[in-house]
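In: 3D, please:
(chains A and B)
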There are 2 protein chains.
Amino acid sequence: MEQLTVEKWGVFELALPGKTDGNPFTDYTIRGRFEGRHEDVMVTGFYDGDGIWRIRFMPSFTGEYRYTVFGSFSERETSGSFHVREASEDNRGPVRVAAKYHFAYADGTPFYPLGTTCYVWTQQPDGRITETLRSLKEARFNKIRFCVLPKHYDYNLGEPRTYPFEGVPMDSSVLTKENFRDYAEHIDEGNRFDFSRPNPEHFRHLEKCILALQEAGVEADLIVMHPYDRWGFSRMSREADDLYWRYVIARFSAFRNVWWSLANEYDILKAKTEEDWEHYAGLLLQEDPYGRLRSIHNCFSFYDHTRPWITHCSIQRQELYRGAELTHEWREQFGKPVVLDEIAYEGDIQHGWGNITGEEMVRRFWEGAVRGGYPGHGETFLNREEILWWSHGGKLRGESWKRVGFLLDILREVPGHGLKYLPAEWDSVCGIPEDETAAQETGYRLYYYSFMRPSFRVFRFDGDTLYRAEVIDTWNMTVSDAGTHRGQFRVDLPARPYIAVRITKA
Amino acid sequence: MEQLTVEKWGVFELALPGKTDGNPFTDYTIRGRFEGRHEDVMVTGFYDGDGIWRIRFMPSFTGEYRYTVFGSFSERETSGSFHVREASEDNRGPVRVAAKYHFAYADGTPFYPLGTTCYVWTQQPDGRITETLRSLKEARFNKIRFCVLPKHYDYNLGEPRTYPFEGVPMDSSVLTKENFRDYAEHIDEGNRFDFSRPNPEHFRHLEKCILALQEAGVEADLIVMHPYDRWGFSRMSREADDLYWRYVIARFSAFRNVWWSLANEYDILKAKTEEDWEHYAGLLLQEDPYGRLRSIHNCFSFYDHTRPWITHCSIQRQELYRGAELTHEWREQFGKPVVLDEIAYEGDIQHGWGNITGEEMVRRFWEGAVRGGYPGHGETFLNREEILWWSHGGKLRGESWKRVGFLLDILREVPGHGLKYLPAEWDSVCGIPEDETAAQETGYRLYYYSFMRPSFRVFRFDGDTLYRAEVIDTWNMTVSDAGTHRGQFRVDLPARPYIAVRITKA
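Out: Numbering: from 1, shown residues only, chains lettered A, B, ... in the order given. From the prediction side, this is the model:
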């Protein structure tokens, strides 16, 4: 018999027949133990419908593993073994926090999250899903935030392709642009969902999308709860929430590109309290054996990002005028990586969060990145079809996405794991390598001039060391050599906004 | 004998022969009493060189006045009478604070200061002075900030046309762009000025400039002290300062378009303390019988603008990212008009305060104006001749100045004295008339969308009143009718930045 093999950080999955009488989602258990030379992991499985029970495991080491699967779902234990081979070339493992404020894959390769948001791209027709994946690749986004649950909001009044629970939704033909908020406020009649019966089809489809992202090298920042709801999914009982959370964790946690975002705009989920969030976090700590990245995203006020279960800050700006500009303060305040998951959307819709220019978006990207944070993109352009990237994915229409890969390349050239803010000058933003040794050895400095447009700048360094200066046009995506210099020297600049200067020891 | 006449808010001036032995600037006094039916004013005169003593008086009422001039400058008193006729058409009197946060001429006409800064335009050759006056007129600036003393700084290393005191300056041929700061730090050798002997020629020329501004309808915001100095004028003794202040007040206070700015960037005038500033303010209160507008301008930290002698806040922004955006908070904090005398300069020089775009400057103008403040302009464009509007005046080279008159027209159409901020929406800036009755009667609202670019906005007003909507393109300077509406209505917008909507009862 040929031995079963799986690659490191891949998924070993078993599909087993089991009980189906009563409510299999609530009436039975399925657990598994996976033992290798370097780890011994207990995981929870789930009922996938049609009489099939599944259990998934991500091995973190190579070599032989043994497993046993047990629980009330079946009369008998199942056990066996498999072999874990080296990870294939594009598989660098899950992303972890590294160097306190940054990220790296499990194999040590630094990871610089430059992501985007398409809340319900998975709920769209297949053609648009394919288009979204193509757009992500073209823009070189390496993370995407999206919802597990369907979305009800402006420009999101249609039906999702599937519902997360068995049942029948309210009649959406009564919805208009004017009254849709009322339905969100008064979820009640019309919806007939059984919150004790997840709909496997919904989650199976999400898994396909997660795997398609993995294939494309994109991290899946899963938003498990959110307030944009007309079906009642944001107001379930504790018991129903627990079932939902356990089901989500059991199905998704083995995929190495999954990140957990407990909620989008947690603070406008009126039915939930801080105690609820801490409870869900507890479930994650208990049920996700891989300790995937965990965050919780705000609308008005930050969650307490110092809570130990939070691995990184997922931040929406709290002011109209400053956001990315405060990145270094937030790093200081919370002592964690700062991911600016909403710094407004490039677009032209009516809402102030969704109508900034491409230039302003790229400016915010650089403000955040040079200060040692990781900005996120989004797009909300009006169009006849009302297909907005921010929710639906599809085509990218703006200007900022074209400039994300360029920033990624600049970040990849930073010695060490990433940048930190140096308050060097009042009228520029200066980033240096987080790692002190790297900073000293390379003399690396990245000065960003934001909306200002100097014709030249004067630098003052020591007279002994030879430095190379490069002029970076962050909008036109060029890097120009500006010669080598010692001591006090002048670098001529193009007197346009969005220029940076990179200095390194020659 | 024909009766002497002068117009209301004009200047009645007497030139009298007097003593010249010793030091006439310090050894003698000259005072005058001016009595009309409605006022009885004591003023101080000054020695104008060449044996001539002068005394000036601005009458605030029409009718007959009697005067007596006396003091140790002469053995005999001089007295006489003159007639004050009605003000001529363009003479609306001095500007005062009105409606707490705004300004008006003495005749009651609202005044909306939209000014600029040309620190030492008066020190330039005649041709450039003429050009500056032409530029002011073309841009419709109605206030200009400038210095009484010459300026030593980047792009300001040349000699002024005159010095304020008798004496000989240091040799400026030793100055370079690199070393000029050292000379500012170590004022000492080289300069031989007699601070007890003002140079009347210097002040006579300033008066000509003040009058030329008056002729052009421009307020002269005189900066009496400033830190940009290589001659020692910023580090004189208390005795010398007092002589200087008294001389300035005696010469200039009768001109109705004079405003007093005690200092530019008071907080980097290292030789002066708060006690000094309070002392100079005391001299102004005592010696300026007209109570002209008084302010003091900061570099890093605000002076305590709640001090009773301060008539209005003259503010330089304290942050890189926000300035005009805080206008309404400063109004609240200080309870006085807020004049944003430095919100950075449109230009392209190396310094972050001097290289913003025209678009950003106009954006700051509207941010400040809609919040009920009065923004000020400035320009610092590099050019071969190193003639920068900010210091030298001359030609305007940017884009923002062209849009100042348009804002002025919009402000003139506000019912009452000006705008105040209404926190109506999180994603727009809303201004309503300061005067509550005017606000209610007209329903006037001015919504400004700043860097955002909505394709449309939805408004919600009462269903009974008919409102007119107008779309204002603040950059292209157009006002377009957007129809009349009731209740909830939508206004289509051009999806470009820098758009405003004006709503008024139809």
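
In: would you mind naming what in chain A lies close to chain B?
Out: Residues of chain A lying close to chain B by C-beta under 8 Å from any C-beta of the partner chain are A:178, A:320-322, A:325, A:348-353, A:355-357, A:360, A:382, A:425-428, A:449, A:451-458, A:488, A:495, A:497. In short, each C-beta sits where N, CA and C put it, glycine included.

In: which helix or strand contains the residue most central in space within chain A?
Out: In chain A, the residue lying closest to the centroid (C-alpha atoms, centre = their mean) is A:Asp221, at 3.1 Å. Secondary structure from DSSP states H and E places A:Asp221 in strand A:219-225.

In: for A:Ala424, which non-adjacent residue is spatially closest?
Out: Excluding its sequence neighbours, the residue lying closest to A:Ala424 (C-beta to C-beta, 6 or more residues apart in numbering or on different chains) is A:Cys430, at 4.0 Å.

In: pull the helix or strand of chain A with the lowest mean pLDDT out as PDB, backbone CA atoms only.
Out: Least confident helix or strand of chain A, by mean pLDDT, DSSP states H and E, is helix A:180-185 with a mean of 80. Output in PDB follows, covering the C-alpha atoms of helix A:180-185 (Å, rounded to 0.1, in the frame of the first residue of the first chain):
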ATOM      1  CA  PHE A 180     -32.300  49.200   3.900                       C
ATOM      2  CA  ARG A 181     -31.000  50.600   7.200                       C
ATOM      3  CA  ASP A 182     -34.400  50.000   8.800                       C
ATOM      4  CA  TYR A 183     -34.200  46.300   8.000                       C
ATOM      5  CA  ALA A 184     -30.700  46.100   9.600                       C
ATOM      6  CA  GLU A 185     -32.200  47.800  12.700                       C
END
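
In: show me what contacts A:Trp309?
Out: For A:Trp309, the contact set (C-beta atoms under 8 Å, 6 or more residues apart in numbering or on different chains) comprises A:Ala281, A:Gly282, A:Leu284, A:Leu285, A:Arg294.

In: which element, helix or strand, includes it?
Out: Following DSSP H and E, there is no helix or strand that holds A:Trp309.

In: which residues are in contact with the helix or strand just after the strand holding A:Asp221?
Out: Going down the chain from strand A:219-225, the next helix or strand is helix A:238-252, by DSSP H and E. Residues lying outside helix A:238-252 but in contact with it, judged by C-beta under 8 Å, 6+ apart, are A:25-26, A:43-46, A:56, A:148, A:164, A:195-196, A:198, A:203, A:206-207, A:210, A:222, A:224, A:236, A:258, A:276, A:279-280, A:283-284, A:287-288.

In: compute the distance between the closest residue to chain B within the stretch 151-300 of chain A and B:Val491, please.
Out: Across the stretch 151-300 of chain A, the shortest distance to chain B (C-beta to the nearest C-beta) belongs to A:Glu178, at 7.7 Å. A:Glu178 is 16 Å from B:Val491, where distance means C-beta to C-beta, to the nearest Å.

In: neighbour count: those two, which is higher?
Out: B:Val491 (19 against 9; other C-beta atoms under 10 Å in any protein chain shown).

In: OK, contacts around the more buried one?
Out: When contacts are counted by C-beta under 8 Å, 6+ apart, B:Val491 touches B:Phe456, B:Arg457, B:Val458, B:Phe459, B:Ala469, B:Val471, B:Ala482, B:His485, B:Val501.

In: if the nearest residue to A:His297 once chain neighbours are set aside is in a bridge, with which residues?
Out: Nearest residue to A:His297, sequence neighbours excluded (C-beta to C-beta, 6+ apart): A:Ser314, at 4.3 Å. For A:Ser314, the beta-bridge partners are A:Val339 (DSSP bridges).
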